[in-house]
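Trainee: here's my sequence, what's the structure:
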Amino acid sequence: MKSGFCAAAIVLCLLFSASAAHAWVKFTPNSAGSSDAKTSWSGSTPGDLPGLRTASGAVVRQRIAQFCPDALLSRSHVESIDLPLFDDLHLTAIERERQSDRNGFLLWTGDIEGPRGGKLVLVVRDGLIFASVYLPSSIIQIRPIEAETGRYSRDYIIRQLAYPGKIQTAPDRLCPSCGSQAGLTPGARRMIELVNLERKADGLPVLQYSGMLTEAASRHGRDMAVHDLCSHELSGGEPFYKSVFGAGYPVSEVAENIAVGLATAEQTFESIFSSSEHRPNLLNRHFTQIGVSAVFNKASTYQYFWAMELGAGEPNTAKAIRLSSNGPPS
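Mentor: Numbering: from 1, shown residues only. All right, here's what the predicted structure looks like:
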């Protein structure tokens, strides 16, 4: 099974292999020279958080740390990762799954050890780390901090978030015939929750569920699954935005993120969010609505197919669409 993901926006359409994110952790191998070493990391913890975004209501607590992923990337197998997240919260994750490529991308998934339970999804891409620890009652994220220059340093924010509330439904005027959250699979529903949790933590409005965008996402997801594709064009050559507007969605600014080969919403979200080309779609403050599809086809190469449509929901704001793409890894 192959994996990959791609994003399309009104001004952007890129296809990426499943690859990894940004560096935030200083991994210190406990067993030098061993390919199966246990890995731990340490970070600085200043008392204040200068220059950080103002914590939203979704953020329970946060701190700064400094990390780099060299030890993790240099090993073909990492049995476990120690996570000293806060003074009162030190966790260990045991490796369950690892995907990587020759371009320095890594997707590492592990189970949290002990009675607390939970899982860690960690992505390394372009020398940066993005990670989320999923616990029974909260999510702890590790995110790189972008400087005013647009570059990333080794400073990362560790923030504990409360789970989001119920997915909001789009206004009836846009989808009068759509039932509330109709057509959402559990995976698609979870994806919307993760997108909205990220937006809320960053001080952005949450996205409303749109039946029309979901209809377009479902059509695209099924088409990719049947034809074993990862493309922003349907198998007949129709671009994604025509499918969106064809579903009755108002002509407006729209974007699409698609992913293949990743089994869970958590893995898919972390991989998409770690991409500098995909992340602006998720954090675009002009977007107000979302539709997601998750399709499984065991007989296909990729097996798992995700399609996410985002829209502004307001007419007469269409922009020129420029598309470019790179194929998934061989």
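Trainee: thought residue 65 was touching residue 158?
Mentor: Yes: the criterion here is CB atoms under 8 Å, and residue 65 meets it with residue 158 at 5.7 Å. (C-beta placed from N, C-alpha, C; glycine too.)
Trainee: residue ranges with poor pLDDT in the stretch 51-200 of the chain?
Mentor: 51-57, 71, 73-76, 147-150, 164-183 (pLDDT under 70).
Trainee: now the helices: where do they sit in it?
Mentor: For the stretch 51-200 of the chain, the helices defined by DSSP state H, counting those that start in this stretch cover 70-73, 186-201.
Trainee: neighbour-wise, which of residue 65 and residue 158 wins?
Mentor: When neighbours are counted by other CB atoms under 10 Å, residue 65 and residue 158 differ, and residue 158 comes out ahead with 24 against 21.
Trainee: I'd say the more buried one and residue 141 touch.
Mentor: Yes: shown here, residue 158 and residue 141 form a contact pair, counting by CB under 8 Å, at 7.3 Å.
Trainee: comparing the helices of the stretch 51-200 of the chain, which comes out most buried?
Mentor: helix 186-201 (a mean of 21; mean count of other CB atoms under 10 Å).
Trainee: helices or strands next to that one in the packing?
Mentor: If you count contacts as 3 or more CB pairs under 8 Å, 6 or more residues apart in numbering; DSSP states H and E, helix 186-201 packs onto strand 138-146, strand 152-162, helix 265-273, helix 279-282, strand 289-296, strand 304-311.
Trainee: what does the first one rub up against?
Mentor: Contacting residues not belonging to strand 138-146 are listed as 22-25, 51-52, 60, 64-65, 67, 85, 89, 122, 128-133, 152-153, 155-163, 197-198, 201 [CB atoms under 8 Å, 6 or more residues apart in numbering].
Trainee: I'd say residue 263 and residue 302 touch.
Mentor: No: using CB under 8 Å, residue 263 is not in contact with residue 302, being 10.6 Å away.
Trainee: which of these two has more neighbours?
Mentor: residue 302 (23 against 16).
Trainee: any idea how far the more buried one lies from residue 104?
Mentor: Distance, residue 302 to residue 104, using CB to CB, to the nearest Å: 22 Å.
Trainee: for residue 59, same thing?
Mentor: From residue 59 to residue 104 the distance is 30 Å (CB to CB).
Trainee: more neighbours, the two?
Mentor: Neighbour count, other CB under 10 Å: between residue 59 and residue 104, residue 59 has more, with 20 against 14.
Trainee: just give the nearest non-adjacent residue to that one, would you?
Mentor: With sequence-adjacent residues excluded and distances taken as CB to CB, 6 or more residues apart in numbering, residue 59 is closest to residue 159, at 5.2 Å.
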